[in-house]
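K.L.:
Generate coordinates for the sequence data below:
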Amino acid sequence: MQEPTARRDDYESALAQSPANVAEFEQEPVWLIDRLQHALHKTPALVPLIVLLLSIAVFGALLGSKFFSPFALTLILQQVQIIGIVAAAQSLVILTAGIDLSVGAIMVLSSVIMGQFTFRYGLPPSVSIVCGLACGAAVGFINGFLVARIKLPPFIVTLGMWQIALATNFLYSANETIRAQDIEARAPLLQFFGNKISLGGAVFTYGVIFMIVLVVVLAYALRQTAWGRHVYAVGDDPEAAELAGVNVRRTLISVYVLSGLICAFAGWALIGRIGSVSPTSGQLSNIESITAVVIGGISLFGGRGSVLGTLFGALIVGVFTLGLRLMGADAQWTYLLIGLLIIAAVALDQWIRKVSI
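P.N.:
The predicted structure follows:
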């Protein structure tokens with residue numbers, strides 16, 4: 001009866017003395033392309049940042065001081081401030097694997113309410129601005145409620161809200177534009193974000209400063225707070241997030257409400273940018289915001305990306321637009337190059353998503 005035990009002891013002794021008998025698995029070499037894929041997966045904003053720096057370098061080399069100057073570079077910031085703010089709102093929704101086609105309409109409707117409440121009803125500009133901000137948040141709440149509670153697709157909900165908001169905008173305003181001269185005389189607070197600050201040769205508007213501060217605050221909130229982690233979790237896998245204790249419905253509603261509120265701020269900034277209150281302004285803001293988000297590296301499938309990347313994406317569009325304009329190129333070249341960037345960004349996102357964890 002001792003023979004099996006003796007054999008087992010002999011086997012274990014031989015095994016301990018002969019490590020060569022143990023099967024060894026060769027570790028696959030880590031190639032440079034794999035490391036790059038992992039780096040981009042961890043830092044999605046890296047690609048748009050590199051593209052932005054390369055774009056500035058190329059146009060700076062081609063145009064010299066005509067482009068590579070404090071005034072020209074800050075002019076880019078002024079040109080993208082509205083899209084940058086709206087794209088920040090769009091980023092929040094896309095991070096939850098949704099999409100908001102009504103951001104531009106919310107922006108314009110909010111600006112019209114600010115102007116009409118001031119000039120039609122004689123309310124103080126501060127009260128009118130609060131009403132406009134409340135309107136944006138309310139429209140966002142309706143979007144969020146329909147998506148989170150009624151379980152309607154975000155594309156359909158926001159497409160319908162886009163039409164409703166635009167129609168309400170034109171019907172309420174009677175397609176009337178409030179002129180810049182009237183605003184300057186009676187309600188300069190409406191043009192607050194258009195005020196400028198000069199630092200050397202650079203010129204910043206309050207709208208640019210607000211855009212930068214907004215992006216920094218959102219980036220911190222998304223990465224360092226429980227709410228931000230919930231947003232990413234919902235976008236990555238809502239069912240798993242629900243099982244982990246995340247209130248998916250409340251998170252989605254909060255995202256759409258915040259998105260609507262940010263778009264209302266964009267409406268206030270729009271008045272400062274163009275000087276007037278126009279119901280026909282910002283018609284392409286929804287498409288331009290999606291463009292900035294996609295180029296900025298945020299995945300359309302949700303759960304991955306950075307709002308900093310969105311800012312870089314908006315700046316890339318601004319650099320191409322100003323650079324080609326200074327070169328005297330046809331405006332269609334801008335659309336062509338931006339279209340190529342969008343396709344390349346989506347293809348790159350698909351490749352990054354295949355990273356082996």
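K.L.:
And the strands in the stretch 101-250 of the chain?
P.N.:
Counting by DSSP state E, counting those that start in this stretch, one finds strands in the stretch 101-250 of the chain at the ranges 196-199, 202-205.
K.L.:
Only alpha carbons, please: show the last one as CSV.
P.N.:
Output for strand 202-205, consisting of C-alpha atoms alone and laid out as CSV, is shown next (Å, rounded to 0.1, in the frame of the first residue of the first chain):
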residue,chain,number,x,y,z
ALA,A,202,-3.4,88.0,-28.4
VAL,A,203,-7.1,88.9,-28.2
PHE,A,204,-9.3,86.7,-26.0
THR,A,205,-13.1,87.1,-25.6
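K.L.:
quick one: strands adjacent to that strand?
P.N.:
strand 196-199 (antiparallel) (DSSP bridges).
K.L.:
Please pull out the lowest mean pLDDT helix or strand from this protein.
P.N.:
Least confident element among the helices and strands of the chain, by mean pLDDT, DSSP states H and E: helix 3-17 (a mean of 54).
K.L.:
contacting residues for I343?
P.N.:
I343 makes contact with no residue, according to CB atoms under 8 Å, 6 or more residues apart in numbering. No exception for glycine: its C-beta is placed from N, CA and C like everyone else's.
K.L.:
picking up where we left off before, between the strands of the stretch 101-250 of the chain, which gets nearest to I50?
P.N.:
Minimum separation from I50 across these (CB to CB) falls at strand 202-205, 23.6 Å.
K.L.:
Looks like G303 contacts P238 (just checking).
P.N.:
No - using CB atoms under 8 Å, G303 is not in contact with P238, being 9.7 Å away.
K.L.:
between those two, what contacts are shared?
P.N.:
A97.
K.L.:
What is the neighbour count of K151?
P.N.:
8 (other CB atoms under 10 Å).
K.L.:
Could you measure from it over to V157?
P.N.:
To V157, K151 is 10 Å away according to CB to CB, to the nearest Å.
K.L.:
what's the answer for I338, then?
P.N.:
Counting by CB to CB, the gap from I338 to V157 is 27 Å.
K.L.:
and these two? which has more neighbours close in?
P.N.:
It is V157, of I338 and V157, that has more neighbours when counted by other CB under 10 Å, with 23 against 17.
K.L.:
Model confidence for that one, exactly?
P.N.:
pLDDT recorded at V157 is 97.
K.L.:
do you know how far it is from I142?
P.N.:
V157 is 8 Å from I142, by CB to CB.
K.L.:
So, low pLDDT: which residues of the stretch 201-350 of the chain?
P.N.:
The model of the stretch 201-350 of the chain has no residue with pLDDT under 70.
K.L.:
ok, 80 please
P.N.:
For the stretch 201-350 of the chain, applying pLDDT under 80 flags the ranges 201, 283, 348-350.
K.L.:
And V234, how far from F145?
P.N.:
V234 sits 16 Å away from F145, taking CB to CB as the criterion.
K.L.:
more neighbours, those two?
P.N.:
V234 (27 against 17).
K.L.:
you'd agree the more buried one is up against V246?
P.N.:
Yes - using CB under 8 Å, V234 is in contact with V246, at 6.5 Å.
K.L.:
so who does the spatially closest residue to L63 that is not a sequence neighbour touch?
P.N.:
Among residues not flanking L63 along the chain, L326 sits closest, at 5.5 Å (CB to CB, 6 or more residues apart in numbering). By CB under 8 Å, 6+ apart, the contact list for L326 reads F59, L63, K66, F67, A72.
K.L.:
ditto for L166
P.N.:
A105, V108, L109.
K.L.:
Scan these and report the most crowded one.
P.N.:
Compared across the contacts of L166, L109 has the highest neighbour count, 29 neighbours, by other CB under 10 Å.
K.L.:
and that residue, what does it touch?
P.N.:
L109 makes contact with C135, G136, V139, A165, L166, T168, N169, G267 under the criterion CB under 8 Å, 6+ apart.
K.L.:
can you rerun that using 7 Å?
P.N.:
Residues counted as contacts of L109 (CB atoms under 7 Å, 6 or more residues apart in numbering) are C135, A165, T168, N169.
K.L.:
what comes up buried for the host helix or strand of Q332?
P.N.:
Using DSSP states H and E, the element containing Q332 is helix 331-353. Taking 16 or more other CB atoms under 10 Å as the basis for neighbour counts, the residues of helix 331-353 that come out buried are T334, L337, I338, L341, A345, D349, I352.
K.L.:
separation between the last one and T43?
P.N.:
Note on I352: its distance to T43, by CB to CB, is 10 Å.
K.L.:
Over to S259?
P.N.:
Computed as CB to CB, the S259 to T43 distance reads 24 Å.
K.L.:
Now do the helices in the stretch 1-150 of the chain.
P.N.:
For the stretch 1-150 of the chain, the helices defined by DSSP state H, counting those that start in this stretch occupy 3-17, 32-42, 46-63, 70-95, 103-119, 125-148.
K.L.:
what are the ranges of the helices in the stretch 251-357 of the chain?
P.N.:
285-295, 307-326, 331-353.
K.L.:
who touches the shortest one?
P.N.:
If I follow you right, that is helix 285-295. So helix 285-295 is contacted by 48, 83, 86-87, 90-91, 94, 101, 103-104, 107, 162, 300, 310, 313-314, 316-317, 338, 341-342, 345-346 (CB under 7 Å, 6+ apart).
K.L.:
for the residue nearest to S306 when sequence neighbours are not counted, what are its contacts?
P.N.:
Of all residues not flanking S306 in the chain, A45 sits nearest, at 4.2 Å (CB to CB, 6+ apart). Listed by CB under 7 Å, 6+ apart, the contact set of A45 reads G297, S306, L308, G309, F312.
K.L.:
Okay then, goodbye and thanks.
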